[in-house]
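Colleague: What follows is a predicted structure for the sequence shown.
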Amino acid sequence: MQIRILAIGPSDMEGIILEVGKEYPEFDIRYDTYHNEEEVVHIVTRLHSDYELILFAGSLPYHMVKNQVQLNKPMFYIAFEGTALYRVLFQLAMDREFHLLDRPINVSIDNLQKYEAEECFEELNIDVQNLYFYENDIDYDIENTVQFHYNLWKNNRIDIAITCVGLVYEKLTELGVHASRIIPTRSAVRNTLEHMLLAGQKKRQQDAQIAVGIIDLRSLRDDNQLTEYQIQRRILALQHILIDYGEKSQSIIKWSDRELKFITTRGALHLDNGKTAENKLLHEIYYKTELRPNLGIGLGHTASEAENRAREALKKAELNNSGWFILDADGTVYGPIGNSVPLSYSIRNQNQELLELAKQARLSSSTINRLLSFFKVHGKDTITTNELANGLGITPRSARRIINKLEKVNLVAITGEEQPVHRGRPRQVFAIQFDRLFNLTNEGK
């Protein structure tokens, strides 16, 4: 079965990508053309679920999607190398009106490494008087890129603008700027597809991993107020729900009085999609049986390995009393799933200094990793006890205990108070000493 790829780019890139793509029988590539920035995000959100990998014809649309859309799916872009500049310079050299080789020139360039462009001009003995680079690793806005070139042109500081972005080229020519467009070389496309082939094969191997899910059913018979008939009706409702779920997820269902277990593959669960069938399963169980079940999913190379991880994930769900958790084969925990922004963190740690710090604070290293994930996801550097409790899915008492322990090792400091909307005592606001924590985690990478 071929690896399904969604390729997105301007119309002038379609031919070269599909042509080089024919060299890879492992791929089934669909190319979608965009004409403005908004279309890029729209195409991805509309089509990504039908494809395993996403390819962008340049770095700018890639970063736009990465900054605006939450996708747990491998994405790649074709890098513009300095060698692609040779074609543009050759065309300019052949242009008798431009006189590339007869005079010093002033040039603006975007999306290329500075040293690569300088080497190209030097090797071709082109006299460059001023070379301006658009270097912005944070802002990937097309209008800003256009403005960069246009301002230089308007102020007579450049003779030509060289861009790697199709939309930028079109807008510059509309503004009357003398511009040239860099098209990536076939070798650059080929290199990217090689990386995608490896990533696709790795994803296929991951999708073949065993996935085991366990739902705790003990509360089904714990309600003493239910008659035996009511219990049997709940069991029948559960059976209907689970037969439908098993059919859709291609799962083997195993049932006992204490728990329900389903066995399938990672790929069948579609875990890269936030709106998973497992969320719907738990909601349906609640609405039809009034049970709030906990679910743990474990992933592994064997059924035994996956089941052990599922039980660990189930324990986390029971401790947090919220939603469900996934424990990946590499030791990464995801959850609680169902939160607006679920956390992901590792239960493993090889950073000795961080381990020592966790020991001093009397917290597990996975708790420290979980805290870091929370602050990274929510973009916070201050926190109240209630916010931490809600974010981690724990009780306020447990959150206070964590903060107190961090305070003792100088990782947390009180910075102010927050007055609740209703009557009550002001809540303390704590600041996390990010520099120390993040330096430690970065050292361990």
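Modeller: Arrived safely, thanks for sending. Numbers count the residues shown, from 1 in each chain.

Colleague: Identify the residues contacting D141.
Modeller: E37 (C-beta atoms under 8 Å, 6 or more residues apart in numbering). Using the backbone N, CA and C atoms, a C-beta is placed for each residue, glycine as well.

Colleague: ok, now the one 10 residues further on?
Modeller: Contacts for N151 were tallied using C-beta under 8 Å, 6+ apart; there are none.

Colleague: okay, now L236: neighbour count?
Modeller: Close neighbours of L236, defined as other C-beta atoms under 10 Å, add up to 11.

Colleague: Can you tell me the element it falls in?
Modeller: helix 228-249 (DSSP states H and E).

Colleague: what is the rounded mean pLDDT of that helix?
Modeller: Averaged across helix 228-249, the pLDDT comes to 83.

Colleague: and if you look at stretch 365-378?
Modeller: 73.

Colleague: repeat for stretch 73-86
Modeller: 88.

Colleague: oh, and call the first residue 34 from now on, that's how I've got it
Modeller: Sure, I'll start counting at 34 from here, so that last one is stretch 106-119.

Colleague: Give me the buried positions along it.
Modeller: Within stretch 106-119, the residues that qualify as buried by neighbour count (16 or more other C-beta atoms under 10 Å) are 106-115, 117-118.

Colleague: to the chain's geometric centre, what's the distance from that stretch?
Modeller: Relative to its parent chain, stretch 106-119 has a centroid offset of 20 Å by C-alpha atoms, centre = their mean, to the nearest Å.

Colleague: Convert that stretch to PDB, retaining C-alpha atoms only.
Modeller: Taking Å, rounded to 0.1, in the frame of the first residue of the first chain, the C-alpha atoms of stretch 106-119 are listed here in PDB:
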ATOM      1  CA  LYS A 106       1.400  14.500  11.800                       C
ATOM      2  CA  PRO A 107       4.800  14.600  10.000                       C
ATOM      3  CA  MET A 108       5.200  17.700   7.900                       C
ATOM      4  CA  PHE A 109       8.100  18.600   5.500                       C
ATOM      5  CA  TYR A 110       9.100  21.400   3.300                       C
ATOM      6  CA  ILE A 111      11.500  21.600   0.300                       C
ATOM      7  CA  ALA A 112      14.500  23.600   1.400                       C
ATOM      8  CA  PHE A 113      15.800  26.200  -1.000                       C
ATOM      9  CA  GLU A 114      19.500  25.600  -1.400                       C
ATOM     10  CA  GLY A 115      22.100  28.100  -2.700                       C
ATOM     11  CA  THR A 116      22.500  26.000  -5.800                       C
ATOM     12  CA  ALA A 117      19.000  26.900  -6.900                       C
ATOM     13  CA  LEU A 118      20.200  30.600  -7.100                       C
ATOM     14  CA  TYR A 119      22.600  29.700 -10.000                       C
END
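
Colleague: buried sites along the helix holding L269?
Modeller: For helix 261-282, by 16+ other C-beta under 10 Å, it's 267, 270-271, 274-275, 278, 282.

Colleague: what two of the buried residues of stretch 106-119 are the furthest from one another?
Modeller: K106 and L118 (31.5 Å; C-beta to C-beta).

Colleague: give me the low-pLDDT residue ranges for the stretch 34-183 of the chain?
Modeller: 169-173 (pLDDT under 70).

Colleague: residue ranges for the helices of the stretch 234-383 of the chain, please.
Modeller: 252-255, 261-282, 299-302, 310-322, 336-353 (DSSP state H, counting those that start in this stretch).

Colleague: Can you list the buried residues in the last one?
Modeller: Same thing as helix 336-353. Buried, per 16+ other C-beta under 10 Å, within helix 336-353: 338-340, 342-343, 346-347, 349-350, 353.

Colleague: Output the residues you listed as CSV; include the columns distance to T206.
Modeller: Formatted as CSV, the buried residues of helix 336-353 follow (distance: C-beta to C-beta, whole Å):
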residue, distance to T206
E338, 58
A339, 56
E340, 61
R342, 56
A343, 58
A346, 55
L347, 60
K349, 57
A350, 57
N353, 57
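
Colleague: Mind putting those into CSV with pLDDT and distance to N158?
Modeller: Supplementary listing: the buried residues of helix 336-353 in CSV, determined by pLDDT from 0 to 100; distance: C-beta to C-beta, whole Å:
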residue, pLDDT, distance to N158
E338, 90, 62
A339, 92, 63
E340, 94, 68
R342, 91, 62
A343, 93, 66
A346, 89, 64
L347, 90, 69
K349, 83, 65
A350, 83, 67
N353, 69, 67
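
Colleague: Run through who's touching the helix or strand harbouring I447.
Modeller: Here I447, judged by DSSP H and E, is contained in strand 445-451. For strand 445-451, the external contacting residues (C-beta under 8 Å, 6+ apart) are 415, 417, 436, 439-440, 459-466.

Colleague: Which members of the buried residues of helix 336-353 are the farthest-apart pair?
Modeller: Those two in those that are separated most widely, counting by C-beta to C-beta, are E338 and N353, at 23.3 Å.

Colleague: out of the buried residues of helix 261-282, who's nearest T66?
Modeller: Checking the buried residues of helix 261-282 one by one against T66 (C-beta to C-beta), the nearest turns out to be S282, at 35.0 Å.

Colleague: measure the closest one to D240 for me?
Modeller: 13 Å (C-beta to C-beta, to the nearest Å).

Colleague: cool, and F166?
Modeller: From F166 to D240 the distance is 41 Å (C-beta to C-beta).
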